[in-house]
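Student: here's my sequence, what's the structure:
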Amino acid sequence: MGASFAGNNGGRRRRGQRYRPMSEINVTPFVDVMLVLLIVFMVAAPLLTVGVPIDLPESQATPLEGQEEPLTISVDNEGRVFLQDTEITIDELVPKLTAVAEQGVEERVFVRGDRTVDYGTVMQVMGRLNAAGFRRIALVTEMEQSER
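Tutor: Got it, this is the predicted structure:
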């Protein structure tokens with residue numbers, strides 16, 4: 001009952017015949033990963049702004065060139081003051097800002113005030129900064145949208 005198939009060689013390879021590695025690169029997994037990363041970054045990018053939600057006033061002023069992450073003081077619509085993302089009292093502002101400022105009073109400080117907040121509150125913050133010796137203070141606004 002023995003049967004023999006021609007060219008089978010009993011399941012053995014011939015001498016000199018080797019397996020060759022596949023020379024084609026499969027880019028499909030790479031493209032899938034890149035698309036997922038693109039979607040993740042598109043969703044996460046708007047969340048990377050300063051964490052205090054403020055409705056900024058609009059202005060036609062040109063943007064300032066400068067450091068990548070300045071110190072930011074925010075005044076929300078209820079008059080609460082924030083240093084970066086941390087809520088502080090107006091009396092704590094200067095000591096905490098001085099402790100955080102790497103370049104001392106030469107540090108650039110951005111002041112963000114909600115468009116509905118009392119003008120006096122923003123001026124009180126800026127007055128305290130000025131009295132403490134900070135001279136590089138900038139007000140942050142949004143670009144004014146032209147009416148069509």
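
Student: give me the low-pLDDT residue ranges for this protein?
Tutor: Counting by pLDDT under 70, the chain contains low-confidence residues at 1-17, 22, 46-69, 143-148.

Student: how about residues contacting the biggest helix by length in the chain?
Tutor: The residue-count maximum for a helix in the chain (DSSP state H) belongs to helix 28-44. Residues outside helix 28-44 that contact it (C-beta atoms under 8 Å, 6 or more residues apart in numbering): none are found. (Each C-beta comes from the backbone N, C-alpha and C, glycine too.)

Student: over to stretch 82-102?
Tutor: When contacts are defined by C-beta under 8 Å, 6+ apart, stretch 82-102 is touched by residues 50-52, 71-76, 80-81, 104-105, 107, 109, 124-125, 128-129, 131-132, 134.

Student: where do the strands sit along this protein?
Tutor: 58-59, 71-75, 81-83, 86-88, 109-113, 137-140, 142-143 (DSSP state E).

Student: in the second one, what's buried?
Tutor: Residues 71-75 are the ones in strand 71-75 that count as buried (16 or more other C-beta atoms under 10 Å).

Student: which strands or helices does that strand pack on?
Tutor: Contacts defined by 3 or more C-beta pairs under 8 Å, 6 or more residues apart in numbering; DSSP states H and E place strand 71-75 against strand 81-83, helix 93-100, strand 109-113, helix 119-131.

Student: now render the ones you listed as TSV, adding mean neighbour count and distance to Met34.
Tutor: Shown next, in TSV, are those (neighbours: other C-beta atoms under 10 Å; distance: least, C-beta to C-beta, whole Å):
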stretch	mean neighbour count	distance to Met34
strand 81-83	21	37
helix 93-100	14	38
strand 109-113	21	34
helix 119-131	15	44
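
Student: out of those, flag the one nearest Val140.
Tutor: With C-beta to C-beta as the criterion, Val140 lies closest to strand 109-113 of the helices and strands packed on strand 71-75, at 4.5 Å.

Student: sheet partners, orientation included, of that closest one?
Tutor: Note on strand 109-113: by DSSP bridges, its sheet partners are strand 71-75 (parallel), strand 137-140 (parallel).

Student: if anything else comes up later, I'll come back, but that's it for now.
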